[in-house]
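Asker: fold the following.
(chains A, B, C and D)
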2 protein chains.
Amino acid sequence: MAIDRPSASAGNPAPARPLRRDAQRNREALLTAARSCFAEQGMEAPLEQVAKRAGVAIGTLYRHFPTRLDLVQATFAKKLALWREAAEKAVTMDDAWAGLCHFLETMCELQSQDRGFNDLASMRLPESACLAGAQTRIRELGVHIVARAQEQGSLRPDLTPEDLAFVIWSHSRVTEATHAIAPDAWRRHLYLLLDGFRTDRAHPLPAPPLTEEQLYRAMTSLGGNGACGA
Amino acid sequence: MAIDRPSASAGNPAPARPLRRDAQRNREALLTAARSCFAEQGMEAPLEQVAKRAGVAIGTLYRHFPTRLDLVQATFAKKLALWREAAEKAVTMDDAWAGLCHFLETMCELQSQDRGFNDLASMRLPESACLAGAQTRIRELGVHIVARAQEQGSLRPDLTPEDLAFVIWSHSRVTEATHAIAPDAWRRHLYLLLDGFRTDRAHPLPAPPLTEEQLYRAMTSLGGNGACGA
DNA sequence: AGAGAATATGAGGCACCCCTCCGGTTGATA
DNA sequence: TATCAACCGGAGGGGTGCCTCATATTCTCT
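Answerer: From the prediction side, this is the model:
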């Protein structure tokens, strides 16, 4: 499993002299290529294809990113930050329901534009990953987003923060199926689901919410074989 | 692409003399093995593993099922029939909303028990497939199920039969993520979504429904590389 | 029991992807 | 411009899975 090999993200106090110019160029070409490969094919896109698209040999890719996880993290740092910003903003919005919608809609939009981000959102990175902190922060914010909307009475009280994972997962396949055919169809699905979240429509639910521990394990189990799941 | 090879499901007036006893035995062992492999790993489970689990050489598998699609169809005929029966029953139930729930709940249950069925439900088999007829029939019934519930006023009027695909797709990943950790969690997700389907105080949806053609293409596009999608 | 058709076997060719390693190349520095 | 560490290329070994085909086996029928 990739995770056991030396990884650029491991404890690395790196005095980090600046990269040589060719190395810098290659690194950026690799990131650009990775962005497009991952966006099209998900986080398990063949690395050889990333290298080819970057116009670089496979060995070069491995020199820069010893682990698939390293490449994934470098590739998605910005998009993860966007997601996190949406969450930070959501908790500051006066209308908590609008905040919830903003949070989920931004997330779904990011997912729908990028199959790799779709994968990333659906699963949990290993503890060691430097992006794991952002994921954790987003979950914390999710707790507040849910709580505020419930205090204001707009979100059904029997919903837990863990239920937000349902949005990620369910949206994940919907957008995968429709994005090439009807790129906006996912909004319809999201709003149907959101209508089910409203207080005034709530009917008793037939199963208890996931516990935090269960959610953790569920996200870890996804993408178990090929990619970055621990 | 597998579909171009000679397939047992093609126009086959087959006088079909009965199988030799060993052949019969192997065929059944293969189907049993396929059921468990597909249930665990989805429709793209390695055929070599199916053969091994059946205690049979890979060549034997190909003799019985020249195409992956042939094996898939033989494996899932019964479960598809169960799904179809649920649909047939749903349209006869007095309470159309209960019928809708029965239909969707049965479908989701089948999906949650079997990753292969999960795949099968999410995508469209090629025209040539002998199970394609059942899929078509189920869609027809879906139209009636939706119409009846709308006539009775329980289902929101802006919902179309194509929207039922959202249930399949969204459930698909939810159950994939949770089935090993909380095997009943999918019911919670389904009921949240169903609450969004109810008539009372439905909110406007931000995107038009899929057309029939779009739905067809979306289901065809899923699982595009490895398996049975045309 | 013997013959012949039906069936089973599994090695092997192909394609894909992973990752490593070392000889050749290039950019920074003096 | 000479030096050398840093960097790059890409062949190649390992693994998996697909599917075919020549050969060996087994059933069935007389």
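
Asker: in a helix, A:N26, correct?
Answerer: Yes - inclusion of A:N26 in a helix is indicated when DSSP: H, G, I helix; E, B strand; the rest coil is applied.

Asker: could you chop chain A up by domain?
Answerer: Under automatic domain parsing, the residue ranges defining each domain of chain A are A:18-66, A:77-221.

Asker: ok, which of these comes nearest chain B?
Answerer: domain A:77-221 (3.1 Å; Cβ to the nearest Cβ). Yep, even glycine has a C-beta here, placed from its N, CA and C like the rest.

Asker: out of the domains of chain A, which comes closest to DNA strand C?
Answerer: Comparison of the domains of chain A against DNA strand C by Cβ to the nearest atom of the strand identifies domain A:18-66 as nearest, at 3.4 Å.

Asker: so is that closest one next to chain B?
Answerer: No - using Cβ under 8 Å from any Cβ of the partner chain, domain A:18-66 stays clear of chain B, with a minimum separation of 9.3 Å.

Asker: span of that domain from start to end?
Answerer: In terms of Cα to Cα, to the nearest Å, the two terminal residues of domain A:18-66 are separated by 18 Å.

Asker: just to revisit the earlier point, out of the domains of chain A, which one sits most buried?
Answerer: Ranked by mean neighbour count, the domains of chain A are led by domain A:77-221 with a mean of 19 (mean count of other Cβ atoms under 10 Å in any protein chain shown).

Asker: close to DNA strand C, is it?
Answerer: No - when contact is scored as Cβ under 7 Å from any atom of the strand, no part of domain A:77-221 falls within range of DNA strand C; the minimum is 13.2 Å.

Asker: I figured A:L194 hits A:L104, correct?
Answerer: Yes - with contacts defined as Cβ atoms under 8 Å, A:L194 counts as touching A:L104 at a distance of 7.3 Å.

Asker: in CSV, list the domains of chain A along with distance to DNA strand D and mean pLDDT.
Answerer: Rendered in CSV, the data for the domains of chain A read as follows (distance: least, Cβ to the nearest atom of the strand, whole Å; pLDDT from 0 to 100):
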stretch, distance to DNA strand D, mean pLDDT
domain A:18-66, 2, 97
domain A:77-221, 18, 94
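
Asker: distance between the longest helix belonging to chain A and the chain's centre?
Answerer: Taking DSSP state H as the assignment, the helix of chain A that covers the most residues is helix A:68-92. Averaging C-alpha positions (Cα atoms, centre = their mean, to the nearest Å) puts helix A:68-92 7 Å from its chain's average.

Asker: just checking, what packs against that helix?
Answerer: Counting contacts by 3 or more Cβ pairs under 8 Å, 6 or more residues apart in numbering or on different chains; DSSP states H and E, helix A:68-92 is packed against helix A:21-41, helix A:47-54, helix A:96-113, helix A:115-122, helix A:132-151.

Asker: angle of the second one against helix A:68-92?
Answerer: Between helix A:47-54 and helix A:68-92, the angle formed by their directions is 80 degrees, by axes from the mean of the first three to the mean of the last three Cα atoms, to 10 degrees.

Asker: contacts for helix A:47-54, please.
Answerer: Contacts of helix A:47-54 with the rest of the structure, by Cβ atoms under 8 Å, 6 or more residues apart in numbering or on different chains, involve A:26, A:29-30, A:32-34, A:36-37, A:57-58, A:60-62, A:68, A:71.

Asker: recalculate using a threshold of 6 Å.
Answerer: A:29-30, A:33-34, A:37, A:58, A:61 (Cβ atoms under 6 Å, 6 or more residues apart in numbering or on different chains).

Asker: surely A:R201 meets B:D195?
Answerer: Yes - between A:R201 and B:D195 a contact is recorded at 5.0 Å, counting by Cβ atoms under 6 Å.

Asker: next, name the residue at the spatial heart of chain A.
Answerer: With distances taken as Cα atoms, centre = their mean, the residue of chain A nearest its centroid is A:A121 (2.4 Å).

Asker: so what's it up against?
Answerer: By Cβ under 6 Å, 6+ apart, the residues touching A:A121 are A:111, A:168.

Asker: rewinding a little: B:P157: which of the domains of chain A is closest?
Answerer: Each of the domains of chain A has some distance to B:P157 by Cβ to Cβ; the shortest is domain A:77-221, at 13.4 Å.

Asker: how far out from the middle of the chain is that closest one?
Answerer: Domain A:77-221 sits 10 Å away from the centroid of its parent chain (Cα atoms, centre = their mean).

Asker: ends of it, what's the gap?
Answerer: The first residue of domain A:77-221 is 22 Å away from its last residue (Cα to Cα).

Asker: do stretch A:149-168 as well
Answerer: Using Cα to Cα, the span of stretch A:149-168 from its first residue to its last is 19 Å.

Asker: got the helices and strands packed on helix A:68-92 as a markdown table, with distance to B:P157 columns?
Answerer: Listed next are the helices and strands packed on helix A:68-92 as a markdown table, based on distance: least, Cβ to Cβ, whole Å:
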| stretch | distance to B:P157 |
| --- | --- |
| helix A:21-41 | 37 |
| helix A:47-54 | 47 |
| helix A:96-113 | 23 |
| helix A:115-122 | 32 |
| helix A:132-151 | 27 |
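
Asker: right, and those helices - which one's nearest B:Y216?
Answerer: Comparing the helices and strands packed on helix A:68-92 against B:Y216 with Cβ to Cβ, the closest turns out to be helix A:96-113 (20.3 Å).

Asker: what's in contact with the closest one?
Answerer: Outside of helix A:96-113, the residues that reach it under the criterion Cβ under 6 Å, 6+ apart are A:79, A:83, A:86-87, A:90, A:93, A:117-118, A:121, A:145, A:148-149, A:152, A:154, A:167, A:171, A:175, A:179, A:186, A:190.

Asker: again with stretch A:183-200
Answerer: Identification of contacts with stretch A:183-200 by Cβ under 6 Å, 6+ apart yields A:108, A:112, A:153-156, A:174-175, A:178, B:166, B:192-193, B:195-196, B:201, B:203, B:205-207, B:210.

Asker: for the closest residue to A:L141 other than its chain neighbours, what are its contacts?
Answerer: By the measure of Cβ to Cβ, 6 or more residues apart in numbering or on different chains, the closest residue to A:L141 outside its immediate chain neighbours is A:A87, 3.9 Å from it. When contacts are counted by Cβ under 6 Å, 6+ apart, A:A87 is found next to A:103, A:138, A:141.

Asker: and which of those residues is nearest A:Y216?
Answerer: For those, the closest approach to A:Y216 (Cβ to Cβ) belongs to A:I138, at 13.8 Å.

Asker: these two touch, right, the closest one and A:R84?
Answerer: Yes - between A:I138 and A:R84 there is a contact under Cβ under 6 Å: 5.5 Å.
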